[in-house]
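J.: Quick one, fold the following:
(2 chains)
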Amino acid sequence: MATQQTRTLGKLAVSPSVFVLFMWMIVPLAMTIYFSFLRYNLLDPNPVCSLLTPGALLDAENRCLAGFTNYYYFLTDPAFFKAMGNSLKLVGWVLAISVAGGTLLALLLDQPFFGRGFVRIMMIAPFLVMPTVSALVWQNMLMDPVSGFFAFISKSIGLQPIDWFTHHPFAAVVIMVAWQWVPFATLILLTSLQSLDEEQKEAAEMDGTPPLSYFWYIVLPHLIRPMTVVVLIETIFLLNVFAEIYVTGTAGPAGNLPFLVYQYGLIANDIGGASAGGIVAVILANIVAFFLMRMIGKNLEA
Amino acid sequence: MGTISLKNARKAFGDVVIIPGASLDIKNGEFVVFVGPSGCGKSTLLRMIAGLEDLTSGAILIDGKDMTEAAPSKRGLSMVFQSYALYPHMSVRGNISFGLKMAGMPKNEIDAKVAKAAATLNLTEYLDRKPRQLSGGQRQRVAIGRAIVRNPEGFLFDEPLSNLDAALRVNMRLEIMQMHKDLGATMIYVTHDQVEAMTMADRIVVLNRGNIEQVGSPLELYNRPDSLFVAGFIGSPKMNLISGKPAEKFDAQTIGIRPEHLGISLKDGTWPAKISLAEHLGADTFLHVDAGPCGMMTVRAAGEYDAAPGAKIFLTPEPDRIHCFDKDGKAIRK
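T.: Residues are numbered from 1 along each chain as shown, chains lettered A, B, ... in the order given. The predicted structure follows:
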């Protein structure tokens, strides 16, 4: 890509894909923004606004344009604050569990033991299970207070089985989501552990470093970068958790922002309100991402 | 006091024997170099002394005490690694002081020791930098500083100069020798470079396939090699090894003569030869010659030797510089 000509040619060659990607991103976003300013409800018996009535915007009585009403109602809805709190709580808990658990599991899997290769492969399995399936399995086979496996264990040691979805619905969702994301963290942290220089380990050994200090002074600093990657990537996905809440019916106590948008759109059929909620969620996600990058992003430079 | 003794130290991984059994006594304050081709087990032997590899059998005595089972940090030895093995996220100060911190030394004592080591190694202005901001030579110094502050009985160097460029290597070589003189500590130094071995060592240990071939001062090894292997390994350019008819005259399977111990004449001599190539180094000229039944040989001519390829010359070995070896490659002493 040295000469002017090859550079121009390069730009020309990539332009179709850039165009497609741009359209793919911008069209849904633009439509969502457009809908969020409309009075657009699917249950309206006399719809004046919809995607299919282009003349609606020119309606003489101006019944279609909602201005910021959708945003006003969404942001003043008590359910919004609860959902936002749940979203952040869920992200925080799952991040904490997956980073801490992932580190411990990675340390364990880095040790030589019989069948390590097999265990490592099995380790990734939860990550490959569909969230819907995982939620159903957890709900019906593990956490069910009557026929679940946890109930069986509780009963066999003489304890009262826990009715997870009645008494600890939020914790149940956190456990299910964390189960899916711990393997991801483990995988990334394990590869990083394996890249720890062998001579550095030996130098620490010559320095007489006890195991805990070795972890604290040598291993942990080495893992900070991959941890940053784990936190950034997981945050993006954890803000969008939906299936676990939908399938287990824990929306009341554990519903998050995506679920609230779903309730607006597909239960209340309020497309305008749901779009406004969607835009709010996008803005909040960007704020979270901004602070995350500010806090830990500097670890990625160097 | 830093004496180190190996008593028939053996290392094997299953059936693969790395060190069949090495015995060696290293005196206090001695500079010993382990030298040998790659894969000869010299690093393994060093790591066994350091405690980074277990012994299969045998014993290691440090300062007269049996340290065969002792943890690396309890042996009173410091090691400088080939890759330096600095802790990348710690400053130079952190790297140098880490071992002391782990040993639970009070902070003001650590600071004093670090400051002193940094001053001797010219690292004072770099103390707050990270290793990645340092040049290769400076990193090397930090690694040495980390070894010095622990005040060890002995230093172990594992090919410490192999990552440096040629000019810096000569410098660091001198610095390490100076350090040995100043500290008076026992040092074991592993290298595959026989020039490093010859210039630095009080005693050289030549290793071949895990066996100690010969132990001696550099000139002992140069003048009286015990085996074909040592004869071929020590000295640059390599000793000429001749077998067949010319060797039979000396009642030997193989005879060896160093390039610098061959006389050149245009008129007559023991072996006729034809020059095939000349390397002009300024101070010396190395002639690669085809000496008929003796095969290809290297000859050193002092100064600038005006030689045309194809020219005929005669070579005469200095009689008392001929090394004779039997069919097992052992030297025949007369």
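
J.: Could you use CA atoms for every contact and neighbour count after this?
T.: OK.

J.: since we're on the residue nearest to A:Leu65 when sequence neighbours are not counted, how many residues are nearby?
T.: Ranked by Cα to Cα, 6 or more residues apart in numbering or on different chains and with sequence neighbours excluded, the top spatial neighbour of A:Leu65 is A:Leu38, at 4.8 Å. Summarising burial for A:Leu38: neighbours were counted as other Cα atoms under 10 Å in any protein chain shown, giving 26.

J.: what about the strands in the stretch 101-250 of chain B?
T.: For the stretch 101-250 of chain B, applying DSSP state E, counting those that start in this stretch gives strands covering B:154-158, B:186-191, B:203-208, B:211-216, B:240-243.

J.: Can you show me the CA trace of the first one as PDB?
T.: What follows is strand B:154-158 as a C-alpha-only set of coordinates in PDB (Å, rounded to 0.1, in the frame of the first residue of the first chain):
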ATOM      1  CA  GLY B 154      27.800 -18.400  44.400                       C
ATOM      2  CA  PHE B 155      26.500 -17.000  41.100                       C
ATOM      3  CA  LEU B 156      25.100 -19.200  38.300                       C
ATOM      4  CA  PHE B 157      25.000 -17.700  34.800                       C
ATOM      5  CA  ASP B 158      23.000 -19.500  32.100                       C
END
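
J.: In the stretch 201-334 of chain B, what residue lies closest to chain A?
T.: Nearest residue of the stretch 201-334 of chain B to chain A, counting by Cα to the nearest Cα: B:Gly210, 22.1 Å away.

J.: for the residue lying closest to that residue once chain neighbours are set aside, helix, strand, or coil?
T.: Spatial nearest neighbour of B:Gly210, excluding adjacent residues (Cα to Cα, 6+ apart): B:Ile19 at 4.3 Å. For B:Ile19, the secondary-structure state derived from DSSP: H, G, I helix; E, B strand; the rest coil is strand.

J.: check contacts around B:Ile19.
T.: Counting by Cα atoms under 8 Å, 6 or more residues apart in numbering or on different chains, B:Ile19 touches B:Ala9, B:Arg10, B:Lys11, B:Ala12, B:Gly41, B:Leu45, B:Arg209, B:Gly210, B:Asn211.

J.: now do 10 Å
T.: Contact criterion Cα atoms under 10 Å, 6 or more residues apart in numbering or on different chains gives B:8-13, B:40-42, B:44-45, B:55-56, B:207-212 as the residues in contact with B:Ile19.

J.: and what of B:Arg141?
T.: Applying Cα under 10 Å, 6+ apart, one finds that B:Arg141 lies in contact with B:80, B:84, B:117-118, B:120-123, B:135, B:147, B:172, B:175-176.

J.: what's the answer for B:Val114, then?
T.: Contacts here follow Cα under 10 Å, 6+ apart; on that basis B:Val114 touches B:92-97, B:100, B:108, B:123-124, B:127, B:145-146, B:148-150.

J.: How about B:Pro72?
T.: A:202-208, B:47-53, B:78-79.

J.: which regions of the stretch 101-250 of chain B lie under the pLDDT threshold?
T.: Low-confidence segments of the stretch 101-250 of chain B, defined by pLDDT under 70, are absent; every residue clears the threshold.

J.: again with chain A
T.: Counting by pLDDT under 70, chain A shows low-confidence ranges at A:1, A:46-63, A:297-302.

J.: what residues does it put near chain B?
T.: Selection of chain A residues close to chain B by Cα under 10 Å from any Cα of the partner chain yields A:197-210, A:213-214, A:217-218, A:221-222, A:302.

J.: about what we covered before: please narrow the contacts of B:Pro72 to those residing in strands.
T.: Per DSSP state E, strands hold the following members of the contacts of B:Pro72: B:Ser78, B:Met79.

J.: Now restrict the contacts of B:Pro72 to buried residues only.
T.: Applying 16 or more other Cα atoms under 10 Å in any protein chain shown to the contacts of B:Pro72, the neighbour count classes A:202-208, B:47-52, B:78-79 as buried.

J.: quick one: which of those residues is nearest to A:Pro253?
T.: Within those, proximity to A:Pro253 (Cα to Cα) peaks at A:Ala204, which comes in at 49.0 Å.

J.: burial measure for residue 147, as a count.
T.: In the absence of a named chain, this looks at chain A. The burial count assigned to A:Ser147 is 12, neighbours taken as other Cα under 10 Å.

J.: Chain B is the one I meant
T.: So B:Ala147, with other Cα under 10 Å, has 26 neighbours.

J.: same check, this time on A:Met23
T.: By the other Cα under 10 Å criterion, the neighbourhood of A:Met23 contains 13 residues.

J.: wait, what's in contact with it?
T.: Contacts of A:Met23 were listed using Cα under 10 Å, 6+ apart, and they are A:Ser17, A:Leu29, A:Ala30.

J.: Give me the next element, helix or strand, following the strand or helix carrying the first one.
T.: The one in question is A:Ser17. Assessed by DSSP states H and E, A:Ser17 sits inside helix A:4-36. If you walk from helix A:4-36 toward the C-terminus, the next helix or strand you reach (DSSP H and E) is helix A:69-76.

J.: Residues in contact with that next one: which ones?
T.: Contacts of helix A:69-76 with the rest of the structure, by Cα under 10 Å, 6+ apart, involve A:35-40, A:68, A:77, A:80-81, A:260-261, A:264, A:270-277, A:279-280.

J.: returning to that earlier point: give me the buried subset of the contacts of B:Ile19.
T.: Taking 16+ other Cα under 10 Å as the criterion, what is buried in these is B:8-11, B:40-42, B:44-45, B:55-56, B:207-212.

J.: The residues you listed in helices, which ones?
T.: Cross-referencing the buried ones among the contacts of B:Ile19 with the helices (criterion: DSSP state H) gives B:Lys42, B:Thr44, B:Leu45 as the overlap.

J.: And the residue nearest the centre of the chain?
T.: No chain specified, so I'll use chain A. By Cα atoms, centre = their mean, the mean C-alpha position of chain A lies nearest to A:Leu238, the distance being 1.5 Å.

J.: Let me rephrase: I mean chain B.
T.: With distances taken as Cα atoms, centre = their mean, chain B has B:Ala197 as the residue nearest its mean C-alpha position (3.4 Å).

J.: what about the residue of the stretch 101-250 of chain B at minimum distance from chain A, neighbour count?
T.: Proximity to chain A, evaluated over the stretch 101-250 of chain B using Cα to the nearest Cα, is greatest for B:Met102 at 5.8 Å. Neighbour count of B:Met102, defined by other Cα under 10 Å: 15.

J.: Just give the nearest non-adjacent residue to it, would you?
T.: Closest residue in space to B:Met102, ignoring its immediate chain neighbours: A:Thr209 at 5.8 Å, by Cα to Cα, 6+ apart.
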